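> no sequence on this one, just coordinates:
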Ligand SMILES: [Zn+2]
């Protein structure tokens, strides 16, 4: 599995974040919800996680 890219987070990455001011990131759903609050960030669920996200 792919691990969340946030520091000290060992959850499975489930969402790809498109961050206008930085590189794309793979993060877990919990971190994706935080990131999705920021202007311009577009969260895109990975295929196998799409059901959990929606
Ligand atoms: Zn995380």
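On my side now, so go ahead. Just so you know, these numbers come straight off a predicted model, no measurement behind them.

> quick one: mean pLDDT over the longest helix that the chain contains.
If you go by DSSP state H, the chain has its longest helix at helix 29-35. Helix 29-35 carries an average pLDDT of 96.

> does that helix reach the ion?
Yes - interface with the ion: helix 29-35 contributes residue 31 (Cβ under 5 Å from the ion). (Each C-beta comes from the backbone N, C-alpha and C, glycine too.)

> for that helix, packing partners?
strand 15-18, helix 50-53 (3 or more Cβ pairs under 8 Å, 6 or more residues apart in numbering; DSSP states H and E).

> at 7 Å what do you get?
Where contact means 3 or more Cβ pairs under 7 Å, 6 or more residues apart in numbering; DSSP states H and E, helix 29-35 is packed against strand 15-18.

> now the strand it packs on, how far from the centre of its chain.
Here strand 15-18 is found 4 Å from its chain centre; the criterion is Cα atoms, centre = their mean, to the nearest Å.

> partners of that strand in the sheet?
Take DSSP bridges as the rule and strand 15-18 pairs in its sheet with strand 25-27 (antiparallel), strand 42-45 (antiparallel).

> deepest of those, which one?
strand 25-27 (a mean of 20; mean count of other Cβ atoms under 10 Å).

> and the contacts of that strand?
Identification of contacts with strand 25-27 by Cβ atoms under 7 Å, 6 or more residues apart in numbering yields 2, 4-6, 13, 15-17, 19, 35.

> sorry, back to before: distance to the ion added to the strands paired with strand 15-18, as a markdown table?
A markdown table is the format used below for the strands paired with strand 15-18 (distance: least, Cβ to the ion, whole Å):
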| stretch | distance to the ion |
| --- | --- |
| strand 25-27 | 5 |
| strand 42-45 | 12 |
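
> that older thread, which one (most neighbours) among the contacts of strand 25-27?
residue 15 (24 neighbours; other Cβ atoms under 10 Å).

> who's that one bridged to?
residue 27, residue 45.
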